[in-house]
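Undergrad: predicted model follows, preceded by the sequence.
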Amino acid sequence: WLAAAAGAGLVTTAGGGPTPDHKGTLRVAPPAEAANSAPAFDIDGSDLTYTSDGRINGFDQYVYSVEVSDDGYTVIVLGNGTNNHTVSPAGNSTLSVFTRNPNTGELTLVQRFVQGAVNDVNDANGIEIQGLLSAASAVYSADGKHVYLVGQKAAGGNYFLTAFNVNADGTLTASSQSVELGSVQIKQLVTSQDGHLYGIAGNTLYAYGIGVNGELTVSGVYDNQPFSTASTIEVDALGRVFVAGTNTLTIYAANPDGSLTQLVTRTGDVGNFARSIAVSGDYIYVSAGTNGILTLRFDPIAKTVTE
């Protein structure tokens with residue numbers, strides 16, 4: 001068939017032909033266009049392969065904590081044999097260190113730390129350390145040079161912060177530093193970009209400063225806080241600390257010395273067990289259990305939290 005080019009404007013006379021004073025351009029449409037086919041995309045081939053089976057063979061624990069190093073080459077996983085949605089692992093946890101292939105994402109186990117009073121120097125059965133009983137959280141420092149684990153020693157009792165140094169190849173070496181906390185289980189640790197470590201246990205919030213060599217110094221221990229049972233904690237780019245507990249969200253401002261000042265508490269719609277918090281600017285997103293995802297806005301001037 002014949003088509004007029006855009007803007008050409010054929011004019012016909014009564015006899016059906018073009019007038020002498022007008023010019024038109026005619027072209028022959030190719031068959032594909034003439035068939036009026038729907039547009040199609042020709043996607044280049046990809047070397048990526050996607051599969052539903054992303055399991056790590058041989059890993060048979062429930063995961064309580066996962067951290068990826070800033071360079072993307074190392075992943076640390078804290079696992080435990082008990083399945084407890086309230087983040088209360090019982091018995092001994094295991095801290096596994098994997099190298100990560102940045103092209104494929106494949107993980108390769110290179111270290112496994114297990115509970116033990118004395119290291120038997122046989123890494124095949126794990127590297128024995130104290131502090132993995134009922135351990136639920138392990139985190140990197142902001143500079144990526146240290147890892148902090150919280151758990152009990154073999155005899156139980158109080159919880160301890162155990163520090164590791166990160167080696168050049170991403171593996172960990174336990175340092176001699178061990179900081180004693182209280183007897184209530186520590187649910188979660190977080191670190192801030194300005195070099196502080198925070199942890200939650202029951203209605204207590206712990207704050208520590210991280211020194212240049214990874215040493216911890218106490219900045220404050222805040223008990224009898226508005227949350228009766230803290231379940232998750234987050235710190236944002238401004239150093240503000242957000243804690244969710246039983247139907248409660250409490251926000252703190254961090255002072256230069258790492259101590260905290262309570263700004264506001266919201267109650268009534270957070271749910272009995274919030275699992276995680278994400279913060280973007282002044283917007284707060286809380287996984288509020290059966291209440292779904294709760295979206296809130298914090299006004300730093302009025303110190304209010306609204307939906």
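TA: Cool, got the structure. As the structure is a prediction and not an experimental result, all values here were calculated from the model.
Undergrad: all strands for the stretch 51-200 of the chain, in order.
TA: 62-68, 74-80, 93-100, 107-115, 127-129, 133-140, 146-152, 159-166, 172-180, 188-191, 196-201 (DSSP state E, counting those that start in this stretch).
Undergrad: any chance of these in TSV, plus distance to Val121?
TA: Yep, even glycine has a C-beta here, placed from its N, CA and C like the rest. Shown next, in TSV, are these (distance: least, C-beta to C-beta, whole Å):
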stretch	distance to Val121
strand 62-68	26
strand 74-80	22
strand 93-100	17
strand 107-115	13
strand 127-129	9
strand 133-140	22
strand 146-152	21
strand 159-166	18
strand 172-180	13
strand 188-191	29
strand 196-201	30
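Undergrad: from Phe298, how far out is Asn224?
TA: Going from Asn224 to Phe298 by C-beta to C-beta, to the nearest Å gives 23 Å.
Undergrad: which one's more surrounded, these two?
TA: Neighbour totals were compared for Asn224 and Phe298, and Phe298 leads with 22 against 8 (other C-beta atoms under 10 Å).
Undergrad: Gln225 - nearest residue in space that isn't next to it in sequence?
TA: Closest residue to Gln225 apart from its sequence neighbours, by C-beta to C-beta, 6 or more residues apart in numbering: Asn203 at 5.0 Å.
Undergrad: with Lys145 instead?
TA: Per C-beta to C-beta, 6+ apart, closest to Lys145 is Val166, 5.4 Å.
Undergrad: who does the one you found bridge with?
TA: With DSSP bridges as the criterion, Val166 is bridged to Leu172.
Undergrad: contact partners for Val264?
TA: Counting by C-beta atoms under 8 Å, 6 or more residues apart in numbering, Val264 makes contact with 250-251, 298, 303-305.
Undergrad: try it again at 10 Å.
TA: Shown in contact with Val264 (C-beta atoms under 10 Å, 6 or more residues apart in numbering): 226, 249-252, 298-300, 302-305.
Undergrad: ok, it to His146 distance?
TA: Val264 is 32 Å from His146, by C-beta to C-beta.
Undergrad: swap in Asn101?
TA: 24 Å.
Undergrad: tell me how many other residues crowd the nearest residue to His146 once chain neighbours are set aside.
TA: Spatial nearest neighbour of His146, chain neighbours left out: Gly214 (3.9 Å); criterion: C-beta to C-beta, 6+ apart. Gly214 has 18 neighbouring residues, counting by other C-beta under 10 Å.
Undergrad: against Arg100, how distant is Gly214?
TA: For Gly214, the distance to Arg100 - C-beta to C-beta - is 23 Å.
Undergrad: hang on, the earlier thing: wait, doesn't the residue nearest to His146 sit right on Ala142?
TA: No. Using C-beta atoms under 10 Å, Gly214 makes no contact with Ala142, being 11.3 Å away.
Undergrad: helices along the protein, start to end?
TA: Counting by DSSP state H, the chain has helices at residues 31-34.
Undergrad: which residues touch Ala201?
TA: Applying C-beta under 10 Å, 6+ apart, the residues contacting Ala201 are 150, 159, 181-188, 223, 229-230.
Undergrad: same deal with Leu205?
TA: Applying C-beta under 10 Å, 6+ apart, the residues near Leu205 are 198-199, 220-223, 225, 227, 230, 233, 241, 243, 245, 250, 252, 260, 262.
Undergrad: from these, keep the buried residues only.
TA: Taking 16 or more other C-beta atoms under 10 Å as the criterion, what is buried in these is 198-199, 220, 222, 225, 227, 230, 233, 241, 243, 245, 250, 252, 260, 262.
Undergrad: from those residues, which two are the most distant?
TA: For those, the maximum inter-member distance is 17.7 Å, found between Gly220 and Gly245 (C-beta to C-beta).
Undergrad: rewinding a little: in PyMOL, select just the buried ones from the contacts of Val264.
TA: To isolate the buried members of those in PyMOL, using 16+ other C-beta under 10 Å:
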select buried, resi 226+249+250+251+252+298+305
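Undergrad: done for today, thanks.
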